[in-house]
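Asks: Below are the sequence and a predicted model for it; my questions follow.
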Amino acid sequence: MKEASIRGKIQLTLLRIIAYTILVFLTILCLFFFYLMIINATRSNAQLATGFTLLPKGNFFVNLKNAWNDTSINIPRGMLNSLIIALSSAVITTYFSALTAYGVHVYEFKGKKLVFTFIMAIMMIPSQVSALGFLQLMNKWNLTNNYIPLIVPGIAAPVVFFYMKQYMESVLPLEVIDAARVDGSNEFRTFNTIVLPMLKPAIAVQMIFSFVSSWNNYFIPALLLDKAELKTVPIMIAQLRSADYSKFDMGKVYMLILLAILPVLLIYIILSKSIIKGVTAGSVKG
Amino acid sequence: MEKKSRTVKRRRSGVSYAKWGYIFIAPFFLAYFFFTLVPQFLTIYNSLFENYRVGLTQVGPNWVGLDNYVALFTPEADGLVRILKYSSNTAILWVLGAVPQFVIALLLAVIFTSYRLNIKGQGFFKTVIYMPNLIMAAAFSMLFYTLFSNVGPIQIMLENAGIVDHSFDFFSFRITVRGMIALMNFLMWFGNTTIVLMAGIMGIDQSLFESATIDGANTIQVFFRITMPLLMPIFVYCLITAMIGGIQMFDVPQVLTNGRGEPNEMTRTLVMYLNGYLRNKNYGMAGAISVIIFVITGILGGIVYKMLSAQYKEPKRHRDRGKGGNVQ
Amino acid sequence: MKKLIAIVLCVLMMVSAVACASKPAATESQTGTETKAAQGKVFNIYAWNEEFKGFFEKYYKVPEGVTVNWIINPSDGGVYQQKLDEALLNQATAADDDKVDMFLAEADYIGKYVNSDYTMGIDKIGYKNADTMYEYTIKAATDDKGVCKGVSFQCCPAAVIYRKSIAKDVLGTDVPAEVQAAIDTWDKFDAVAAKAKEKGYYMTASFAETFRTFSNNCTMPWVDANNNIQFDPMITAWIDQTDKYIQNGYTLTAGVWDQEKTNEMFKTGKTMCFFGPAWYYNFCMTNAMDPENGCVGDWSIVKGPQAYFWGGTWLLAATGSDNTEMLKDIFETFTINEEVCENLVKNENQYPNNTKIAEKFANDPTYGNTAILDGQNDIAVFAELAKDIKWENHTNYDQLLNEGLQNKLQEYFKGNVDKDTAMKNFYNYVKETYANLNVPQA
């Protein structure tokens, strides 16, 4: 009996060592490239041409100044543009998804089941497969070089809808709505003043996710926008890969990449707990 | 009197609340109609026409029926069918990233949820492994390009260490370029999958694990007989969403190879192919490729879902019976 | 019903709020008291890089009250042309202030715009070509009917720029006349390449470094009258030469614009020769001017084995522009204004499109380029070459065919694919880019 328990202990310790080794290895793997990026953002072009170093150099603010003031890649403008688009689309996406989910969750109407199945079915369809028609239509409506096509379609976001629907099932008793009706609140007001506040955690999480995915979006914006003052961050970053920018100081390039991911990184560092919770909460029900 | 009328009113309007359902879902369907459904039909419609632009001159649209599809699948002189090559590139790139993604994610999910191991610092590890998921794919890819380019720090380090000489180039080999793309996809997604699978494992009734351990089942048996079958729905969900993400693969290989899919177009994905035609304003061909991607998405989603749910029907029934027994 | 209206209103409000937020720049023209005068208040310029923008902001005084918008897209992969085409096709329906007023075009595709109705004759805006302009720059901007649609602010004779210290090591001399004598034919150039290799140097730093020297001496266009792709003997000669250079290790597999190549211009570089015109200094040689690691003054310039020109930026007048006076003004500033042309040489390392100014510098014994060269009079070298530039055999497709050929062959030179596959990939690229062109059946 004793022997067995000792053996068990040794086994457990071994398992723990393996587990921690795996975890540490993956942690290093995840951070390594970003660490290199930050280090390289502190080095000058000539220093970068000499290769690899693990310690930062003193060129951070020079690179920052160069990157920030560059006229061909106007990164402050790009960040502002991306911010405008990402914030508006986060608000629109979450609000209307909650609205739609509420419509399906609370009301009984003909075809409700069909509506739900339909939204579930279109959840799988990638946006690229209708990109061609989308571009044609936007061109026809004179909406190229405009942010509307990047924001308004967010009203129909099946994934966010699904999350909201799941969340409502767990936190939104129909009695609350009945009570509001008794008090004479109209349906729209009930939703805005009573239901929305109850959904706050879900809305917060989905706003973050919508913000991030809009901030990182490249395919459609790159096809829609060409005016310098309208370009978003991902378009600018992808442009760095073009021949015309090969004469760029590499320190500046690393700094631009750093600036491109910095806002999302900051949001994540502050809110990582609730973000990680949000990944699981609505994903699927077994 | 007033009170009574209000109840009546409420009851009467209770019938007509249905209209609110329609009103609340209307914006969704309007937006969907104008920004997705109409474009979807336009895309399909376009695929049946010769419609392209050469510089400032527009050619077509001329009705050509299925000619664009025929052109896509007509082999070149040496038998090469480019769209099949790009499809298999896409599939290979996805598999290369997804296999480690799911294996590692399952492993981590088990490690994190194991009471025996009782891992400390879970919050930290989870925060770190999820982080790459939020990084802009274009920026991540640009970063990889600069780091691995033949004048980048990693190459220089390898040269200085005498491992490779200057003629070595990460972007010259199928295996290295595909490896880089797979590594990026893996890094960006394994944390996400881990967290979702973890939630799934934690949702499993703990008494099942306990009774299995008491019955003398070892860790591996527990994993394959209990954890995996009960995790299956969530696993399938993750797999399908990952696969749909894989079909859309674009930002990473596009930026990494500047749209060229080097070497020898071995890293050119379907959406990169589509993007080329969209940029060149060849709407006929772009339409045909879009329809093909649309069809592949549908088929794959359906097959995987059916296949995996059928395979694990057996253990599921066991569980149900077992549970029923407990209640009795 | 009321509520439905409320919802709709709410949606509309949000949409309009968003629309306003997204267009901060457009409001200006609406608020100003716009007397529908002949001249517009907004001047839109399409360009593919910052080069001309820099000169424009430095040397051109924008009339008061006019806002200049730059719409800049990279030329790589044809993005610039695609975006410009889209804008020009929408020109007729665009609001006055959104119309393209002027756009820049490169030698490789200027014909496409010159021979279209989207550009207007410069006589319409009251500009007359000065007789100080280089003939070929006028010919390039002139359509089939003889109407000239724009001007170039530069002339682009190209030469060989070499590292003096390496030439001294390889040839025993760094004197331009003697270096030129050693490389004045391709055969001699090859022989020097072999010598350089022995000493541990590269002759050129990119497999495509000499591409323009061959391609701009072609005797037939890329595409014939029946839309068939054709390979000029010059292009084939370039491929053969490069093949040899790669095999013998005389050059690197980097592209002309790649960082691997530009890093060869650092002090630590091992490459002797670079091929380019005057704009090459600013555009490709920034590493040579690096304060820490550069090698200013270690460079000289000679004609090289074969005369050629490379690139050039033309300013074209877009049909429908409501800023014709400003267009005329800009054209004059950068072609006729002698002070500006002189400054372009002195401060910007350019070769001006003004024979009078070029001659003046070429014959000025006190002038020398010290920004990058050792004080040699490079204008004198360029002036000699500029006389012989001819404008012929250009097509609308040149940019993307040249770029595509280089990209696909680069894979061959790197050893990723065999030559056949590289050519097949090139033909497939041509079909994808230009559905109207016919490629040889492989």
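Replies: Received the coordinates, thanks.
Asks: residue contacts, residue 53?
Replies: I'll assume chain A. A:T53 makes contact with A:39, A:43, A:47, B:153, according to Cβ atoms under 8 Å, 6 or more residues apart in numbering or on different chains. C-beta coordinates here come from the backbone N, C-alpha and C atoms, glycine included.
Asks: that's the wrong chain, I meant chain C
Replies: For C:K53, the contacting residues are A:71, C:45, C:47, C:70, C:72, by Cβ under 8 Å, 6+ apart.
Asks: on that earlier part again, ok, and the most crowded of the contacts of A:T53?
Replies: Counting neighbours by other Cβ atoms under 10 Å in any protein chain shown, A:R43 comes out on top of those with 24 neighbours.
Asks: nearest spatial neighbour of that residue, skipping sequence neighbours?
Replies: A:K57 (4.5 Å; Cβ to Cβ, 6 or more residues apart in numbering or on different chains).
Asks: give me the number of residues near that neighbour?
Replies: 16.
Asks: Wasn't it part of a strand?
Replies: No. Assigned with DSSP: H, G, I helix; E, B strand; the rest coil, A:K57 falls outside any strand and is coil.
Asks: That one reaches A:N45, doesn't it?
Replies: No. Counting by Cβ atoms under 8 Å, A:K57 sits too far from A:N45 to count as a contact (11.6 Å).
Asks: What residues does the stretch 251-400 of chain C have near chain A?
Replies: Selection of the stretch 251-400 of chain C residues close to chain A by Cβ under 8 Å from any Cβ of the partner chain yields C:255-259, C:262-263, C:266, C:268, C:283-284, C:286-287, C:290, C:292-293.
Asks: and of those, the nearest to C:P221?
Replies: For C:P221, the closest of these turns out to be C:V256, at 21.8 Å, with distances computed as Cβ to Cβ.
Asks: on that earlier part again, ok, so of the contacts of C:K53, who is nearest chain B?
Replies: Ranking the contacts of C:K53 by separation from chain B, with Cβ to the nearest Cβ as the measure, puts C:I72 on top at 17.1 Å.
Asks: For that closest one, list each beta-bridge partner.
Replies: Partner residues in beta bridges with C:I72: C:A47, with DSSP bridges as the criterion.
Asks: list the contacts for it?
Replies: For C:I72, the set of contacting residues under the criterion of Cβ under 8 Å, 6+ apart consists of A:72, A:228, C:46-50, C:53.
Asks: Closest to chain B out of those?
Replies: C:Y46 (13.6 Å).
Asks: So the closest one is in contact with C:S75, correct?
Replies: No. The criterion here is Cβ under 8 Å, and C:Y46 misses it with C:S75 at 11.1 Å.
Asks: Minimum pLDDT in the residues of the stretch 251-400 of chain C next to chain A, which residue is that?
Replies: By predicted confidence, these are weakest at C:E292, whose pLDDT stands at 82.
Asks: returning to that earlier point: could you tell me which of the residues of the stretch 251-400 of chain C next to chain A count as buried?
Replies: Neighbour-count burial (16 or more other Cβ atoms under 10 Å in any protein chain shown) applied to those gives C:255-259, C:262-263, C:266, C:283-284, C:286-287, C:290, C:293.
Asks: Reformat those as CSV; add secondary structure.
Replies: Below are these laid out as CSV (three-state DSSP):
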residue, secondary structure
C:G255, coil
C:V256, coil
C:W257, coil
C:D258, coil
C:Q259, helix
C:T262, helix
C:N263, helix
C:F266, coil
C:F283, helix
C:C284, helix
C:T286, helix
C:N287, helix
C:D290, coil
C:N293, coil
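Asks: so where's chain C shaky on pLDDT?
Replies: Where chain C drops to pLDDT under 70, the residues are C:1-38, C:441-442.
Asks: repeat for the stretch 151-300 of chain B
Replies: Under the criterion pLDDT under 70, no range of the stretch 151-300 of chain B is flagged.
Asks: measure B:L187 to B:M198 for me?
Replies: As defined by Cβ to Cβ, to the nearest Å, B:L187 lies at a distance of 18 Å from B:M198.
Asks: which two in the contacts of C:I72 are spaced the farthest apart?
Replies: Distances among the contacts of C:I72 were taken as Cβ to Cβ; the most separated pair is A:S72 and C:Y46, at 14.2 Å.
Asks: Looking at the two, which is more packed in?
Replies: C:Y46 (24 against 18).
Asks: Nearest the geometric middle of the chain, what residue?
Replies: Went with chain A since none was named. In chain A, the centroid-proximal residue (Cα atoms, centre = their mean) is A:V212; its distance is 2.0 Å.
Asks: look at chain C instead
Replies: With the centre of chain C defined as its mean C-alpha position, the nearest residue by Cα atoms, centre = their mean is C:G311, 4.2 Å away.
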